[in-house]
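Asks: Task: produce atomic coordinates for the following.
(2 chains)
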Amino acid sequence: MRLLLAAIACLALTVSVKGTSAQIAEAAIMSAENPALLSSFGFFDGAASKPSAALLPYALRTPLFSDYAEKQRFLYMPPGKSYTVDQTGRLQFPVGSALIKSFGYHDAAGNLNIIETRLLLHRAEGWVALPYVWNADGKDATLKIGGARKAVEFAKADGAKMAISYAVPNKNQCKQCHSTKDAVMPVGPVWQNLAFETAKARANFAMRGELPSSLPAVEAKWDDAKSSTVEARALAYLRVNCGHCHKPTGSASNSGLFYDDHERNPAALGIGKRPVAAGRGSGNFDFVIEPGHPERSILTYRMKSVDPGIAMPELGRASAHDEGAALLEAWIRSMKPA
Amino acid sequence: MRMRDKGVYAIIAVSLAFASTTAFAKTISVAAGDDAQARLQEALIGAVPGDVVELGSGRFRLTDGLSLDVAKVTVKGQGSGQTILDFTGQLGAGEGLLVTSDDVVLRDFAVENTKGDGIKSKGADRIVYYQLRVEWTGGPKETNGAYGIYPVESQDVLVDSVLVRGASDAGIYVGQSRNIVVRNSVALENVAGIEIENSYDADVHDNLTTRNTGGILVFDLPNLLQMGGKNVRIFENVVVDNSTPNFAPKGNIVANVPTGTGVMVMANRNVHVFDNMLGQNGTANIMVVGYRYPQNDPKYDPIARGVAIWGNQHDKAGWDPKFPGSQQIAQALGGSLPPIFWDGAGGDAARPVIADPVPALSLGLTDLIATPESAQPTMLQTTANLPPELPRIRLPESMEAVVR
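Replies: Predicted coordinates:
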């Protein structure tokens, strides 16, 4: 009897301390086989709207634009493990971790319909990116290695109705944006760009990590004029939306146009820089950024186009991000003409 | 007897080599038809090193860019007239096919009407492009994609027996790469037929470039990770009738290539142009120029140096030059430019060595910001003193074996 009580107490302790992490199938995260169904991982309890309590939700101050999709971001780490934050603010996750991101749209009635959930799994051999598309009944999602397209209708903030062909990336396209040299790496979780709904959520998230004595200062929030200057907000937007490819170790390295967080000369940011392999993406303009003249700058021309031969970013964009383009236009307009 | 033994051993050795590389390799067949996008993309993702992804005959109607990220895979069609990857309905991605893995062979298929580039390979070493066709079927149009065949940031590149047509930038464009061979190919009705840019060690030979705006370009541009393009041999090509009005979107560097250019060398080092047949190029058969745009990249050299020209056959050229100020220069010279000219950038130290027995001109524009209107043309002396020849480019034997 005493043993049984002790066992029950132990169990209770486990449950209260570790939450429901026992539901997560760590073997599925670590396995070389990629499960055909998202339910194999135990991240969701039968619907995209029911994330496991073992997941830590987070958001980003400046998120990557993806066709106005709503995103829900979660981190899973094995019990007892923690992440570290390096001096640049980048989070380093232990093997066995998973980053889980769901994408969806609100319907006219205000319900959020999740289309897909993308996973980044930290296996012993490195990170693996997998796209899962939710089935019609909404109870489970199926691995779509080759990607998919879904017709989507939604309304923008100004009420304008949009109908687009939403692209779920294929496994290679996941890597295209997530590659550093040849390895797949997380892009979003940078401490200075993390956002939380409540102080408690932030504390819960921080509790699982080892933070350096001096954390990088919180970054500008792209859509909040009170958070910083137009330039700082524009650079934050560029870093998040472009910097994952436009860096010397990224898939746009050959462009010589770099938006990662290193300081470089103005030409590397596109200021007064002629295009290299832009093709008709040049839009009949001479410079990536012509100071004072957003209407003659290739950067904003490509952001505002939805033609696959012109549009930047190349992936995941069937609509233009009007608000993001407006911010960059304001920044370019504020520059002194050459 | 000895000979026979040797032969037998050779056969055994070849069989063993064959067996060892194909022991676990398989052929993944993909047919045209419904859902070709997903089936073909899944085959490209599911392939393992050594596999052949074999495309059936017919038209694959594709809605998105395809990509290959597995090393040692061959993508093989039934011929560039039989297997057609048709991107007319493309909705996304910057190119038709993107390769990002090493030791890949692409052969015997066609890519049509991509919205952006045709086939791009990036960081893909030892890639072979063989018997391919990349075409915009509506002819030259500004709305066509930029590059047909586009290897970049790669070591060991072979482009052999391909046809490219209609690219609004360059039909075959090799950028920021090294150890390159482009041969036996046809570039037709592109802005630039063949372009070697910011690259080291290239042989461009036995190609036909015709009805492009410019036939063969060797460029170096500033503000890139790899600069200082050098050691390029252009030989035994036919570069004729490059006469298509420039249809590149303005802003692109090639938008400034004058219609009627045969071979153009800009800001490169050690470029040898020899034993080609050139003619019917209205601006020039061969021109050598500096990079004439303001730039302040301290690591970049805008001058063309070490250019040598010999043994070429020249037919008519220069009767209708199309760069600003050129008509006035032609008038002063009796109505026509000579088949070879140099802008004069870099002065005597950068003067090209010319041994072709045709008139050659310096525009005298030593200052890189001087405009052609201020040209002070003088005739260039030809010489018999040629620089030492550049070594032939040798590719790994595995690549040459593919095309034998």
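Asks: Look up phi and psi at B:D201.
Replies: Phi and psi for B:D201, reported as degrees, to the nearest 10, are phi 60, psi 90.
Asks: now do A:L60
Replies: phi -120, psi 140.
Asks: Kindly state the beta-bridge partners for it.
Replies: Note on A:L60: beta-bridge partners A:L194, judged by DSSP bridges.
Asks: Tell me, how many residues neighbour A:G159?
Replies: Number of residues near A:G159 (other CB atoms under 10 Å in any protein chain shown) recorded here: 6. Any C-beta I mention is one placed from the backbone N, CA and C, and that applies to glycine too.
Asks: what do you get for B:P357?
Replies: Neighbours of B:P357 under the rule other CB under 10 Å: 9.
Asks: And for the one 5 residues further on?
Replies: Summarising burial for B:S362: neighbours were counted as other CB under 10 Å, giving 23.
Asks: my read: it touches B:W342, true?
Replies: Yes: with contact defined as CB atoms under 8 Å, B:S362 counts as touching B:W342 (5.1 Å).
Asks: gap between A:K221 and chain B?
Replies: 29 Å (CB to the nearest CB, to the nearest Å).
Asks: Distance of the nearest residue to that residue once chain neighbours are set aside relative to chain B?
Replies: The spatial neighbour of A:K221 that comes closest, neighbours along the chain excluded (CB to CB, 6 or more residues apart in numbering or on different chains), is A:S227 at 4.0 Å. From A:S227 over to chain B the distance is 31 Å, taken as CB to the nearest CB.
Asks: about what we covered before: what sits in contact with each of B:S362 and B:W342?
Replies: B:351, B:380 (CB atoms under 8 Å, 6 or more residues apart in numbering or on different chains).
Asks: which secondary element of chain A has the worst mean pLDDT?
Replies: Least confident element among the helices and strands of chain A, by mean pLDDT, DSSP states H and E: helix A:2-18 (a mean of 45).
Asks: Excluding chain neighbours, what is closest to the residue in chain B that chain A sits nearest to?
Replies: Proximity of chain B to chain A (CB to the nearest CB) peaks at B:A146, 2.2 Å away. The shortest distance from B:A146 to any non-neighbouring residue, by CB to CB, 6+ apart, is to A:G279 (2.2 Å).
Asks: you'd agree the one you found is up against B:I253?
Replies: No: using CB under 8 Å, A:G279 is not in contact with B:I253; the gap is 11.2 Å.
Asks: Going by neighbour count, which residues of stretch B:133-149 are buried?
Replies: Within stretch B:133-149, the residues that count as buried by 16 or more other CB atoms under 10 Å in any protein chain shown are B:133-136, B:140, B:144-149.
Asks: now these as CSV including secondary structure?
Replies: CSV is the format used below for the buried residues of stretch B:133-149 (DSSP: H, G, I helix; E, B strand; the rest coil):
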residue, secondary structure
B:R133, strand
B:V134, strand
B:E135, strand
B:W136, coil
B:P140, coil
B:N144, coil
B:G145, coil
B:A146, coil
B:Y147, strand
B:G148, strand
B:I149, strand
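Asks: Compute the distance between the closest residue to chain B within chain A and B:F109, please.
Replies: Closest contact between chain A and chain B, by CB to the nearest CB, is at A:G279 (2.2 Å). Applying CB to CB, to the nearest Å, the value for A:G279 to B:F109 is 22 Å.
Asks: Which of the two has more residues huddled nearby?
Replies: Higher neighbour count among A:G279 and B:F109: A:G279, with 28 against 25, using other CB under 10 Å.
Asks: which residues does that one contact?
Replies: A:309, B:116-117, B:145-147, B:168-169, B:249, B:252.
Asks: Which member of those is positioned nearest B:L158?
Replies: The nearest member of the contacts of A:G279 to B:L158, counting by CB to CB, is B:Y147 at 17.0 Å.
Asks: any idea how far B:M287 is from the closest one?
Replies: 22 Å.
Asks: which residues in chain A form helices?
Replies: Secondary structure of chain A (DSSP state H): helices at A:2-18, A:26-30, A:171-178, A:199-207, A:230-241, A:298-304, A:322-334.
Asks: Tabulate those (JSON lines), appending mean neighbour count.
Replies: Formatted as JSON lines, those follow (neighbours: other CB atoms under 10 Å in any protein chain shown):
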{"stretch": "helix A:2-18", "mean neighbour count": "10"}
{"stretch": "helix A:26-30", "mean neighbour count": "17"}
{"stretch": "helix A:171-178", "mean neighbour count": "23"}
{"stretch": "helix A:199-207", "mean neighbour count": "12"}
{"stretch": "helix A:230-241", "mean neighbour count": "21"}
{"stretch": "helix A:298-304", "mean neighbour count": "24"}
{"stretch": "helix A:322-334", "mean neighbour count": "18"}
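Asks: These: which one's closest to B:A330?
Replies: Among these, helix A:298-304 comes nearest to B:A330, with 34.2 Å by CB to CB.
Asks: elements contacting that closest one?
Replies: helix A:322-334 (3 or more CB pairs under 8 Å, 6 or more residues apart in numbering or on different chains; DSSP states H and E).
Asks: Apply 10 Å and report the result again.
Replies: Under the contact criterion of 3 or more CB pairs under 10 Å, 6 or more residues apart in numbering or on different chains; DSSP states H and E, helix A:298-304 touches helix A:230-241, helix A:322-334.
Asks: Kindly reformat those helices as TSV containing distance to A:W222 and mean pLDDT.
Replies: Putting those into TSV (distance: least, CB to CB, whole Å; pLDDT from 0 to 100) gives the following:
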stretch	distance to A:W222	mean pLDDT
helix A:230-241	4	95
helix A:322-334	6	97
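Asks: Let me have those helices in JSON lines, adding distance to B:V402 as columns.
Replies: Listed next are these as JSON lines, based on distance: least, CB to CB, whole Å:
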{"stretch": "helix A:230-241", "distance to B:V402": "40"}
{"stretch": "helix A:322-334", "distance to B:V402": "45"}
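Asks: Between those helices, which one is closest to B:V182.
Replies: For the helices and strands packed on helix A:298-304, the distance to B:V182 is smallest for helix A:230-241, at 35.6 Å, taking CB to CB.
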